[in-house]
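Trainee: give the three-dimensional model of this entry:
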Amino acid sequence: MNSFWQKLRVPFFTLAPMADVTDEAYRKLIAEMGKPDVMWTEFVSADGLYHTREIKKIPDAENPLMRELLFSDIERPIVAQIFGSNPETIRYASRLVANLGFDGVDLNMGCPDRSIEKQGAGASLIKNPTLAVKIVASAKNGVADAHSDIPVSVKTRIGYSHEIIDEWIPTILATEPDALTVHLRTRKELSIAKANWSLMPKIVALRDKFGMSTRIIGNGDIRSVAEGKEKALESGADGVMIGRGVFGNPWVFSGRIYSEIPKTERLDALVSLARAFETIMPPKHFNIFKKHIKAFVNGFNGASDLRAKLMQAESADEITDIITTYDKQSHIKTQ
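Mentor: Below you'll find the model as predicted:
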């Protein structure tokens, strides 16, 4: 293995793939505020990519799934995450990802969403290790089909209904992924139980036992770079993935203390995100952007009323006008 993963200084930090959160608009804002070492796209259905492009023949410019695979150079290195249970469509999607110029392809084997699991994908692959191994091999073949050598990685959990790292982790390591991200909860625990970071040293030891260079990344309950560095040092993990910690905090990878970021800076960032979302993600309904409002607008006087007004907005211009009016009124009150 001689990919970009091996060139990263440890401990490194990565942005978790999160549906309807880590789209290109928010990734660009994060990159501008304090870029992580590696960024992930939202996950994309391998079956969906094949069906819309090859069966329905939807032009890429009109294909909403292809929009999920938009990125800019400021985000590099950037990894595209795909999901599925059909080795052939995984191969197809991996070839496409390589041809689009991504720096890596990641396979989702941890998503607990029922609709994903019904397809035999996501966390359900933990219960089907034979298929999981085929999925990794197919992804590597797809990359090779594109005459590319971008790395293939996997994101998974410590088990399905209970922890099975002694069986599951070696199964995935045997496929020789360039990186392995482990969400330190079972599928059953979702994101409710506390992430079990005490298991990370054992996962690292399993990697070392195989004499492999696979990068091991821990995921779960990390809210800051300082906390992530501490966990990496304690556990031996090569990297740390931050997910929910980026909600309302695109500065998280910069190391800035969130409570010290001025309210005006947070509101300005929300305006920038609204404009970027409207420009970059036109097929998406503006309501998807609104999940950021609660995360950005809290912890200060008048936040509740401001949130209520912002939730009624239907465009970036309306978001801007509401915040501008709020800023003027706040300035008058502090005179």
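
Trainee: the protein: helices as residue ranges?
Mentor: 4-7, 24-34, 46-50, 64-67, 87-99, 114-117, 129-145, 165-173, 200-209, 225-235, 263-280, 291-296, 303-310, 316-333 (DSSP state H).

Trainee: which parts of the fifth one are buried?
Mentor: So that's helix 87-99. Across helix 87-99, burial judged by 16 or more other Cβ atoms under 10 Å covers 87, 89, 90, 91, 92, 93, 94, 95, 96, 97, 98. Heads up, the C-betas are built off the backbone N, CA and C, glycines and all.

Trainee: got the contact list for residue 30?
Mentor: 15, 36, 39, 246, 250, 252, 253 (Cβ atoms under 8 Å, 6 or more residues apart in numbering).

Trainee: rerun that using 7 Å as the cut-off
Mentor: 15, 246, 250, 253 (Cβ atoms under 7 Å, 6 or more residues apart in numbering).

Trainee: that one and residue 211: what is the separation?
Mentor: For residue 30, the distance to residue 211 (Cβ to Cβ, to the nearest Å) stands at 35 Å.

Trainee: and residue 174, by the same measure?
Mentor: Applying Cβ to Cβ to residue 174 and residue 211 gives a distance of 12 Å.

Trainee: the two - which one has more neighbours?
Mentor: residue 174 (13 against 6; other Cβ atoms under 10 Å).

Trainee: before we move on, back to that, which two of the contacts of residue 30 have the greatest separation?
Mentor: 15 and 250 (10.0 Å; Cβ to Cβ).

Trainee: so what's the residue count around residue 154?
Mentor: Counted with other Cβ under 10 Å, residue 154 comes out at 25.

Trainee: pull the residues that contact the lowest-mean-pLDDT helix or strand in the chain.
Mentor: Every helix and strand in the chain was compared by mean pLDDT, DSSP states H and E; the lowest is helix 316-333, with a mean of 84. With contact meaning Cβ under 7 Å, 6+ apart, helix 316-333 is reached by 264, 267, 271, 274, 275, 278, 306, 309, 310, 313.

Trainee: and the fifth one, what's its pLDDT?
Mentor: What the model reports as pLDDT for residue 275 is 94.

Trainee: now it: closest residue in space that isn't a chain neighbour?
Mentor: residue 316 (4.5 Å; Cβ to Cβ, 6 or more residues apart in numbering).

Trainee: quick one: the one you found from residue 192, how far?
Mentor: From residue 316 to residue 192 the distance is 34 Å (Cβ to Cβ).

Trainee: which of the two has more residues huddled nearby?
Mentor: Shown here are residue 316 and residue 192; by other Cβ under 10 Å, residue 316 has more neighbours (19 against 7).

Trainee: neighbours of the closest residue to residue 229 other than its chain neighbours, how many?
Mentor: Among residues not flanking residue 229 along the chain, residue 11 sits closest, at 5.9 Å (Cβ to Cβ, 6+ apart). Residues within reach of residue 11, counting by other Cβ under 10 Å, total 21.

Trainee: do you know how far residue 11 is from residue 292?
Mentor: From residue 11 over to residue 292 (counting by Cβ to Cβ), the distance is 28 Å.

Trainee: so who does the nearest residue to residue 54 once chain neighbours are set aside touch?
Mentor: The shortest distance from residue 54 to any residue other than its chain neighbours is 7.7 Å, reached at residue 92 (Cβ to Cβ, 6+ apart). Residue 92 makes contact with 46, 49, 50, 142, according to Cβ under 7 Å, 6+ apart.

Trainee: can I get the residues you listed in CSV with neighbour count, distance to residue 131 and pLDDT?
Mentor: Listed next are those as CSV, based on neighbours: other Cβ atoms under 10 Å; distance: Cβ to Cβ, whole Å; pLDDT from 0 to 100:
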residue, neighbour count, distance to residue 131, pLDDT
46, 32, 13, 98
49, 23, 19, 98
50, 21, 17, 98
142, 27, 16, 99
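
Trainee: identify, from those, the entry nearest to residue 132.
Mentor: residue 46 (14.0 Å).

Trainee: pretty sure the closest one contacts residue 89?
Mentor: Yes. Using Cβ atoms under 7 Å, residue 46 makes contact with residue 89 at a distance of 4.2 Å.

Trainee: just curious, which of the contacts of residue 92 is nearest to residue 82?
Mentor: Nearest member of the contacts of residue 92 to residue 82, counting by Cβ to Cβ, is residue 46, at 4.8 Å.

Trainee: contacts only, for the closest one.
Mentor: Applying Cβ under 7 Å, 6+ apart, the residues near residue 46 are 82, 83, 84, 86, 89, 90, 92, 93.

Trainee: ok, 8 Å please
Mentor: Contacts of residue 46 (Cβ under 8 Å, 6+ apart): 82, 83, 84, 86, 89, 90, 92, 93, 94.
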